[in-house]
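Q: Need a 3D model of the following:
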Amino acid sequence: MKLSCVTLDVLLLLLLAGHGGTETSAIDLRTFIGCAVREFTFLAKKPGCKALRITTDACWGRCETWERPLLEPPYIESYHRVCTYNETKLVTVMLPKCAPGVDPFYTYPVAIRCDCDFCSTATTECETA
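A: Next comes the predicted model:
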């Protein structure tokens, strides 16, 4: 069983895809197991406006998961946790050079606290395949 989580907000989606971000501490990110707030840079885009590079805080990490076979349905017991936002605040910026009639405001979440937790449909689109 494979758990696939695609976040609804652009920050976590880009983190999972491996775009942007810079290391801000002495932690070896290749071997880090856990979930942490990390500085992240992304390009805020909206049709009709010029893009704006934003540096913010986002959740990043790898969480321990496991599966074990069972003799009866569903034939497998799964324990999948993901690095997800536990607490956020919303920040709104104004995008530059927007066309007339285009709303120039862009809102994005900023991570305050991140945790390894079960996939929550309140902040994430959770799919099992």
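
Q: Number of residues surrounding the residue lying closest to R53 once chain neighbours are set aside?
A: Spatial nearest neighbour of R53, chain neighbours left out: L43 (5.8 Å); criterion: CB to CB, 6 or more residues apart in numbering. C-beta here means a position set from N, CA and C on the backbone, and glycine is covered the same way. Neighbour count for L43, taken as other CB atoms under 10 Å: 12.

Q: any idea how far L43 is from Y85?
A: 20 Å (CB to CB, to the nearest Å).

Q: same deal with F105?
A: Computed with CB to CB, the distance linking F105 and Y85 is 21 Å.

Q: Quick check: R81 touching R62?
A: No. Counting by CB atoms under 8 Å, R81 does not reach R62; the two are 9.9 Å apart.

Q: and E87, bridged to which residues?
A: R113 (DSSP bridges).

Q: Now do the contacts for it.
A: By CB atoms under 8 Å, 6 or more residues apart in numbering, E87 lies in contact with A111, I112, R113.

Q: just to revisit the earlier point, would you indicate which residues of the host helix or strand of the residue nearest to R53 are buried?
A: Applying DSSP states H and E as the criterion places L43 in strand 34-44. For strand 34-44, a neighbour-count test (16 or more other CB atoms under 10 Å) marks C35, A36, V37, R38, E39, F40, F42, A44 as buried.

Q: same check, this time on stretch 79-95
A: In terms of neighbour count (16+ other CB under 10 Å), stretch 79-95 has its buried residues at H80, R81, V82, C83, T84, Y85, N86, T88, L95.

Q: how about CSV for those, with pLDDT, distance to G101 and secondary structure added?
A: Formatted as CSV, the buried residues of stretch 79-95 follow (pLDDT from 0 to 100; distance: CB to CB, whole Å; DSSP: H, G, I helix; E, B strand; the rest coil):
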residue, pLDDT, distance to G101, secondary structure
H80, 82, 45, coil
R81, 87, 44, coil
V82, 86, 39, strand
C83, 88, 39, strand
T84, 87, 36, strand
Y85, 87, 33, strand
N86, 88, 38, strand
T88, 92, 30, strand
L95, 97, 14, coil
